[in-house]
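*Asks:* Turn this into a model:
(3 chains)
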Amino acid sequence: MIRRLKRSELPEDTEALARYLIGKTVVHKAVSGRIVETEAYVIGDAAGHAYRGPTPRNHSLFLKLGHAYVYVVYGRLKLLNVSSERAGVGAGVLIRALEPIEGVAIMQRRRGTSQLRDLTRGPGCLTVAIGVSMRHDGVDLCNGGPLWLGSAAKPAGPIGISVRIGLTREAHRRLRFYERGNPFVSGPRRLNA
DNA sequence: AGTGCGATTGACT
DNA sequence: GTCAATCGCACTA
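*Replies:* Numbers count the residues shown, from 1 in each chain, chains lettered A, B, ... in the order given. The predicted structure is shown next:
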């Protein structure tokens, strides 16, 4: 059974949090998914949105561990992150892919497809499927609210590590984590060995 | 005040 | 495999 994760259970360190979240769950009301792919955007990371200091857009990255940072990219896609580190430090973990658990019919309706594999594979897809929007930017994921992090639905399998996807800066850093062999992991085949 | 550009997706060859 | 869509925001002036 899935239970709410307490803030004290989450590793404060960004890279440790990214690894820790593999196999855990994201729950939004009646819809949930198992996290199978993450990326760490660490302290002092030139590829991170917090790199040049706080702005109205990246404010949530500076909240204490366990808050949502949601932002829009390419003018239409919402991406979900979990803030890491202490309050005032800008860093976080991008949730890149989920394995659907509950609310599959709702996800199918929201995504406009019945293909299970296409529901939550990719960071811009999963936010649509679980109904995350800009309203959730800055919300606390550990305070009993409708959007929360849950315990592992089943233990994580072997963890793979690769470079992060789609970056131009800091492109060599191996800060992407995924469950090996899981069909819901996004990204090119060569990175998912 | 104007401009350039993404932590991607999906349609098309 | 290639490539356009799309717009809020940070950066320059």
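
*Asks:* CA only for contacts and neighbour counts going forward, please
*Replies:* OK.

*Asks:* Spit out the contact partners of the closest residue to residue A:153 other than its chain neighbours.
*Replies:* In space, residue A:153 comes closest to residue A:2 once its chain neighbours are excluded; the distance is 6.1 Å by Cα to Cα, 6 or more residues apart in numbering. Shown in contact with residue A:2 (Cα atoms under 8 Å, 6 or more residues apart in numbering): A:25, A:150, A:151, A:152, A:153.

*Asks:* Equivalent analysis for residue A:5, please.
*Replies:* Residue A:5 neighbours (Cα under 8 Å, 6+ apart): A:142, A:148, A:149, A:150, A:151.

*Asks:* cool, and residue A:163?
*Replies:* Neighbours of residue A:163 in contact, by Cα under 8 Å, 6+ apart: A:171, A:172, A:173, A:174, A:175, A:176, A:191.

*Asks:* got a pLDDT number for the nearest residue to it once chain neighbours are set aside?
*Replies:* Counting by Cα to Cα, 6+ apart, residue A:174 is the residue found nearest to residue A:163 once chain neighbours are left out, at 4.0 Å. We note a pLDDT of 97 for residue A:174 in this prediction.

*Asks:* Now do the phi/psi pair for residue A:174.
*Replies:* The phi/psi pair for residue A:174 (degrees, to the nearest 10) reads phi -90, psi 80.

*Asks:* My read is that it contacts residue A:164, right?
*Replies:* Yes - under the criterion of Cα atoms under 8 Å, residue A:174 makes contact with residue A:164 at 6.5 Å.

*Asks:* Need the outlier residue of chain A, farthest from its centre.
*Replies:* Largest separation from the mean C-alpha position in chain A: residue A:114, at 22.7 Å (Cα atoms, centre = their mean).

*Asks:* right, and that residue touches residue A:129 too?
*Replies:* No - Residue A:114 lies out of contact with residue A:129 (Cα under 8 Å); the separation is 11.6 Å.

*Asks:* Overlap of the contact sets of those two?
*Replies:* What both residue A:114 and residue A:129 touch, as defined by Cα under 8 Å, 6+ apart, is the set residue A:108.

*Asks:* Pick out the residue nearest the middle of chain A.
*Replies:* Nearest to chain A centroid, counting by Cα atoms, centre = their mean: residue A:95, 1.6 Å.

*Asks:* what are the bridge partners for that residue, then?
*Replies:* Beta-bridge pairing for residue A:95 (DSSP bridges): residue A:38.
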